[in-house]
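Asks: coordinates only, sequence not included:
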Ligand SMILES: C[S@@+](CC[C@H](N)C(=O)[O-])C[C@H]1O[C@@H](n2cnc3c(N)ncnc32)[C@H](O)[C@@H]1O
């Protein structure tokens, strides 16, 4: 089973994300901010990180730059998931080493599509009803 | 809804758009047509049917459009677009090297995600296509989806299903919560209204046809008829791409599956035994459309 680290300061968002990701067969670990998340990554690199931008203590962008400089830190697929929906933020995140970018609000379809995009899951081909 | 009203609508939809509803799809009709009848100031499906019977063509067209399923997304199912990039286009680049032109048809383009996905694929390989003329023609029965397709404007939700973020940043302009695909991509796609039940030979010959997730709504005879006419409007070495739940197998031998590439077909050279548009047309004429 792949592990996904969900980093968000909102416990509600973490809970929703957890439900969706467990539905996609991920083992979910939660962190409240970037520092918390780095501690988790030092112990064991997850396969995936779902990452909020604005958080107290250390924001998602800074977490990402730290992560990418850690040994093995280029392994995890990092998918931003944030209300920062401006194209400038998206470009900064991608330049900073993110693999994909989700603009909140999100749902299961979007997470599944984006995780498929970066090769974390394979989706069965869909057919119309 | 009364059984006669249901039967009337079922037949009308079959004749006008090919939509083949089984006997138990009352809920589908209600969920799609109740909002429409309200919009027209009518009390319910009964009054709507009355109005249709009194021969108001505009309302018939609205009913037919309201009953279409327009769901689509960018790079839907992904694999067909990989095939397009890795198998279809390389082969076409060789086969058309002399005339340097390729014609592509999206036969049920809906709100544009499919034709624009192809346009972005082509843009990504523009180095190989320098000096080439590539046409993408997107058609659909529904005028409403064509208008949206032409505008190229999508919601935040729509641009996050299937579209890699790099392509969003590269080919779209943001306007608040909406995203519009760039003018140069829009200019690569021509739009036309077209009912697949009707003759489409006037569109000319195509090298690549995407006809995905539309035949699935039709009955077997209608599918066979459309395959027959599709084969005639395609170059002998062209490619047909069908949706994940669609196939020619068991229906017709005018196309044959392309080995090892699911969803990909090529004309077989066999002639269709059914005359062009012969099956669907007379009924429609009889409806007095
Ligand atoms: C589910 S969408 C498929 C869109 C796209 N090809 C895809 O695979 O994502 C089906 C489309 O077929 C169109 N359609 C239905 N009946 C049609 C007909 N008889 N002729 C042309 N288009 C039709 C509908 O308006 C709708 O936009």
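Replies: Cool, the structure landed. The model shown is predicted, which means the values in this text are computed figures rather than measured ones.
Asks: tell me the domain boundaries of chain B?
Replies: B:3-67, B:79-286 (automatic domain parsing).
Asks: average pLDDT for the first one?
Replies: Confidence over domain B:3-67 (mean pLDDT, whole number) is 93.
Asks: and the helix ranked longest in chain A, what does it pack onto?
Replies: If you go by DSSP state H, chain A has its longest helix at helix A:11-23. Contacts defined by 3 or more CB pairs under 8 Å, 6 or more residues apart in numbering or on different chains; DSSP states H and E place helix A:11-23 against strand A:2-7, strand A:26-31, helix A:108-117. Where you see a C-beta, it was placed from the backbone N, CA and C, and this is true even at glycine.
Asks: what's the most buried one of the ones you listed?
Replies: strand A:2-7 (a mean of 24; mean count of other CB atoms under 10 Å in any protein chain shown).
Asks: that strand - contacts with which helices or strands?
Replies: Strand A:2-7 is packed against helix A:11-23, strand A:26-31, helix A:34-43, strand A:48-51, with contacts defined by 3+ CB pairs under 8 Å, 6+ apart.
Asks: same thing but 6 Å
Replies: Judged by 3 or more CB pairs under 6 Å, 6 or more residues apart in numbering or on different chains; DSSP states H and E, the packing partners of strand A:2-7 are helix A:11-23, strand A:26-31, strand A:48-51.
Asks: got TSV for these, with distance to residue B:10 too?
Replies: Shown next, in TSV, are these (distance: least, CB to CB, whole Å):
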stretch	distance to residue B:10
helix A:11-23	37
strand A:26-31	44
strand A:48-51	46
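Asks: of these, which is nearest the ligand?
Replies: The ligand lies closest to helix A:11-23 among these, at 23.4 Å (CB to the nearest ligand atom).
Asks: how many other residues sit next to residue 106?
Replies: Let's take chain A. By other CB atoms under 10 Å in any protein chain shown, 21 other residues sit near residue A:106.
Asks: please go with chain B instead
Replies: 28.
Asks: show me the beta-bridge partners of it.
Replies: As for beta bridges, residue B:106 partners with residue B:138, residue B:210 under DSSP bridges.
Asks: against residue B:204, how distant is it?
Replies: According to CB to CB, to the nearest Å, residue B:106 and residue B:204 sit 15 Å apart.
Asks: ranking the domains of chain B by burial, who's on top?
Replies: domain B:79-286 (a mean of 18).
Asks: what about that one, average pLDDT?
Replies: Domain B:79-286 comes out at a mean pLDDT of 93.
Asks: could you redo the helices and strands packed on helix A:11-23 as JSON lines and give each row mean pLDDT?
Replies: Putting those into JSON lines (pLDDT from 0 to 100) gives the following:
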{"stretch": "strand A:2-7", "mean pLDDT": "97"}
{"stretch": "strand A:26-31", "mean pLDDT": "98"}
{"stretch": "helix A:108-117", "mean pLDDT": "94"}
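Asks: tell me which of these sits nearest to residue B:71.
Replies: helix A:108-117 (11.2 Å; CB to CB).
Asks: how about that closest one, does it reach chain B?
Replies: Yes: residues of helix A:108-117 contacting chain B under CB under 6 Å from any CB of the partner chain: A:109, A:110, A:113, A:117.
Asks: mind listing what the second one touches?
Replies: Applying CB atoms under 6 Å, 6 or more residues apart in numbering or on different chains, we find residue A:110 in contact with A:102, B:160.
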